[in-house]
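**Student:** Give me the fold of what follows.
(chains A and B)
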Amino acid sequence: MRIGETLGLVVLFAFSVEAACRVEDWVQFRTPILARERSQLDLLVRDATGMHGRAGGRFQKWSLNAFGMRGPDVTSAKPQGIVRIVTAGASETFGLYESPGHEYPRQLEDSLNGQFAKCGQIGAQVLNAAMPGMSLPTIDQDVRLRVSALKPDFVVLYATPAAYLEDAVPSAARPDSVAGHPAPLPMANAFFPRVAERIRVQLKSLIPTVVQDEIRRRQIRTTLLQHPPNWRFESVPAERVAAFQSDLRRAIGAIRAIGATPILVTHANRFAGSSVRDVATLRMWEKFYPRASGQTIVAFDSAARFATIAVARDSQTIVVDLPPILARSGKSVFADYAHFTDAGAALVAGSVTRSILDAERSHLPAACASGVSVSSRSVAPAASLAAR
Amino acid sequence: MLFNSVVFLFAFLPVTYVVFWTLKSANSRYVWLTVTGYVFYGYWNWHFCFLMAFSTLVSYLAGLGFLRWDNSPRRRKYCLWIPIIVDLSLLGFFKYANFAMGTASGIAGWFGSDLQVPRLDIILPIGISFYTFHTISYIVDSYRRAIRPTRNFFEFSAYVSLFSQLIAGPIVRFRQIEEDLARIGTHDRTRWLWRGLSFFAVGLVEKVIIADTLAAFVDPALASYASLSTAGAWLAMLGYTFQIYFDFSGYSSMAVGLGYLFGLRIPQNFNSPYKALDPSDFWRRWHISLSSCLRDYVYIPLGGNRRGEWRAYCNLLFTMLVGGLWHGASWTFVVWGAYHGLLLAVHRRFAAKWDALPAPLKQPLMFLFVIVGWVFFRAADFTMAVTILRAMFLPTSGVLVPQPYLVLFVLLVAGWWSMAGPNVFDMRHSFTPRQRAIATVAFAVSLALIMGTRNSPFLYFQF
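**Tutor:** Have a look, this model is predicted:
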């Protein structure tokens, strides 16, 4: 082969690889061939309404609607007879590992519609307002500034307690623009090779788990060396639990202020109630919150669970206590330290369905609440809607 | 490890290839192929390497026994039956124990007993059906003096653990590869190189572009089979019919290609089976290595067609039942085997009438029979099989498969290729500039898909 032909084949190869990536994204996820999102971070925007998803954002399996919420497009006005539910939270609610359409909010919608169909109700609509990294103050802000316009009947809140183990206590996301709409992503992004991300993921998967764990261990150590010796939380910091509790009360207040019923879901993780520690997976979690040791993160999550139940009791709020439900299931419910598999998301959806049906009981025929595939014991309603 | 994975393509294969050709002696190459075979196998679950090693050792010792007791029929029989019993016991335990106990419970239930046999927590070792057949064929051929058993342990272990055929076939018999193995130290590296790469690339396209694309629509459609309309059921089953062909044929093409890269000529396993004109023709073209094993080690020892017509029908039925059971421990596989056994027997009975039909009618009819068989093969249980068959043959309202136009397009391509186009052995594996460009695009597209969301295992791994 001559050099010219070889070069031609190299160009043809590169072009074909890139074209195939784009066509596959389009076929599988309807991602536009010239979509400008280069990573999951590009799905996130900060504007005058705080931090939320980018309207119409598309990256790999993640597809956002016109409100910047993961899921199908909906009208702003709530259709007559529909129960509208907004799910708020961070990456666990947004959905990272579940196959498309199997994140818990979508399964919640399916589950509720299945139940409502039994008793001739019109149906439910679930809007997934969660975005990775959203803390309670940011959710509070989002509820007030954006979610309120959608007039939800329920807001399901699945907060991430570990966010309170960051360097500073979380605060509401500051807008990086005063404009009503975020700046569009640059056109040049559309031509960034998508194969690069695939290569990155593949290369990472080729690194043995032991080596990946060692890399994470070193990264944590490096972070610790950059801080004073007592910087690290070696036990559950009470003031952080109090901050979590206080922000949770504020978020409940914000939800009630927009006329919706809050439903709290206690945070679950792979390690709760288990004496067996998957050290490598725990270190993955620790890497995100190096200020706390792995044990402290797990203990903090547990403390936050009890704090959530206490807040729910005080404020007469419905609470779904998730950790025991997932622990009892015996299924593989976590894809990593705290994010769900399809099966895990189904359990969350089933549990929340039960709590919504309980709350709506006074308005629904009895047939609606029958046959939900989750034990009624799995939901601990601190208060019913009627008691509010 | 999968052939269609990045770790195989960019780490395992290059290292195995370079080291193999760097080594000069036959023995060092046997050792290297053995080591890489175990690495390839152990990448899935290293514990089961011991099982394969044990099976290899038992069969190797049996081979030595045949050499030592050449004139002792009684001892030769021990050398035949002991390893076969060991191999089949391992296969029976790992693959069929729960099936047998479940069936026993079911039968007890029919007689009013509430016998509850506990289910054993057994993991099915991947590829156990294939390497068990490799070792059994070696033992039987040694016993029949069709081959001379090797004294070189590593030659034998390289044959059993040869990674290209280890976990999903083809079932290569020792006699088919013996000559190439014996001359492994003197092969010319470049002689089969381009042919091997070409076979591998064609297999990759079959698997990644066609089979996996179809799987993306067929799997979700069949997961909710109860809601399929008549058109949906037909699209889903047609999709599965081509998916299983291109999946397994793709694997076999890659296996043959990999064999060529190491100077080993692995025989053809698929010869355009959907071009078959009758059931016998189909089984001469589909999974040739298995059907020829069943013929040589089950059908002929039962008497074949030498003991009258009715005995031949029974032998056909029994052989295909074994073939069905070989694929999996489930009654749906048994029914699939029985169905093909019946087809073969009925065709044998009415061959003259069938042969009188025009070829343009025979091929689609045979194809239809094959599709019906795949319903049982694919179904998780009889409820699923009956529901799909009812949707196919009785007007049923329901849903189509997702993205039906795309599915139709892929089905047309797959249909043309499998029913009218050339198979990998028919192709001319020369490298003109145009063919190089096509191969480059095909490899690039396959690679992009592999690196995406499609790193799916081969269907035949489960057998």
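**Student:** quick one: contacts for the residue in the stretch 251-388 of chain A positioned nearest to chain B?
**Tutor:** Across the stretch 251-388 of chain A, no residue is closer to chain B than A:D342, which sits at 11.9 Å (CB to the nearest CB). For glycine as for every other residue, the C-beta is placed from the backbone atoms N, C-alpha and C. For A:D342, the contacting residues are A:E98, A:S99, A:H102, taking CB atoms under 8 Å, 6 or more residues apart in numbering or on different chains as the criterion.
**Student:** For it, report the pLDDT, please.
**Tutor:** On pLDDT, A:D342 comes in at 93.
**Student:** looking at chain A, which helix or strand is least sure?
**Tutor:** Counting by mean pLDDT, DSSP states H and E, chain A has its least confident helix or strand at strand A:380-381, which shows a mean of 39.
**Student:** Report the buried residues of the longest helix along chain A.
**Tutor:** Across chain A, the longest stretch assigned as helix under DSSP state H is helix A:3-29. Judged by neighbour count using 16 or more other CB atoms under 10 Å in any protein chain shown, the buried positions of helix A:3-29 are A:8-9, A:12-13, A:16-22, A:24-25, A:28-29.
**Student:** out of those, who's nearest A:T296?
**Tutor:** Distances from A:T296 to these, taken as CB to CB, are shortest for A:F29 (38.1 Å).
**Student:** now the closest one, nearest residue through space, not along the chain?
**Tutor:** With CB to CB, 6 or more residues apart in numbering or on different chains as the criterion, A:F29 has its nearest non-adjacent residue at 5.5 Å, and that residue is A:K61.
**Student:** Equivalent analysis for A:R194, please.
**Tutor:** According to CB to CB, 6+ apart, the nearest residue to A:R194 is A:C21 (4.4 Å).
**Student:** try B:V31
**Tutor:** In space, not counting the residues next to it along the chain, B:V31 is nearest to B:F154; the distance is 5.1 Å by CB to CB, 6+ apart.
**Student:** gap between that neighbour and B:F50?
**Tutor:** Computed with CB to CB, to the nearest Å, the distance linking B:F154 and B:F50 is 18 Å.
**Student:** Contact residues of chain B facing chain A?
**Tutor:** In this structure, chain B approaches chain A at residues B:6-7, B:11, B:216, B:403, B:406, B:433, B:436-437, B:440-441, B:443-445, B:447-449, B:451-453, judged by CB under 8 Å from any CB of the partner chain.
**Student:** try 10 Å this time
**Tutor:** Proximity of chain B to chain A, by CB under 10 Å from any CB of the partner chain, involves residues B:5-7, B:10-11, B:209, B:213, B:216, B:220, B:403, B:406, B:431, B:433, B:436-455.
**Student:** Counting only strands, which of those residues make the cut?
**Tutor:** Among the residues of chain B next to chain A, the subset assigned to strands under DSSP state E is empty.
**Student:** hmm, which of those residues are the buried ones?
**Tutor:** B:5-6, B:209, B:213, B:216, B:436-437, B:439-455.
**Student:** Quickly list what the residue of the stretch 251-400 of chain B found nearest chain A is bridged to.
**Tutor:** Among the residues of the stretch 251-400 of chain B, B:V399 lies closest to chain A, at 15.0 Å counting by CB to the nearest CB. Beta-bridge pairing of B:V399, defined through DSSP bridges, involves B:L228.
**Student:** So what's the residue count around it?
**Tutor:** When neighbours are counted by other CB atoms under 10 Å in any protein chain shown, B:V399 registers 13.
**Student:** which intervals of the stretch 151-300 of chain A have sub-threshold pLDDT?
**Tutor:** For the stretch 151-300 of chain A, residues meeting the criterion pLDDT under 70 lie at A:175-181, A:273-277.
**Student:** ok, which stretches of it are helices?
**Tutor:** A:195-206, A:209-225, A:238-257, A:279-288, A:294-315 (DSSP state H, counting those that start in this stretch).
**Student:** Please apply the same query to the stretch 251-400 of chain B.
**Tutor:** Remark: helices assigned in the stretch 251-400 of chain B by DSSP H, counting those that start in this stretch are B:279-285, B:288-294, B:309-327, B:331-349, B:351-356, B:359-378, B:382-393.
**Student:** So of the buried residues of helix A:3-29, which two are at opposite extremes in space?
**Tutor:** Going by CB to CB, the two entries of those that are most distant from one another are A:G8 and A:F29, at 31.8 Å.
**Student:** what's stretch B:398-406 in contact with?
**Tutor:** For stretch B:398-406, the external contacting residues (CB atoms under 10 Å, 6 or more residues apart in numbering or on different chains) are A:27-28, B:213-214, B:216-218, B:220-222, B:224-236, B:238-239, B:391, B:407-411.
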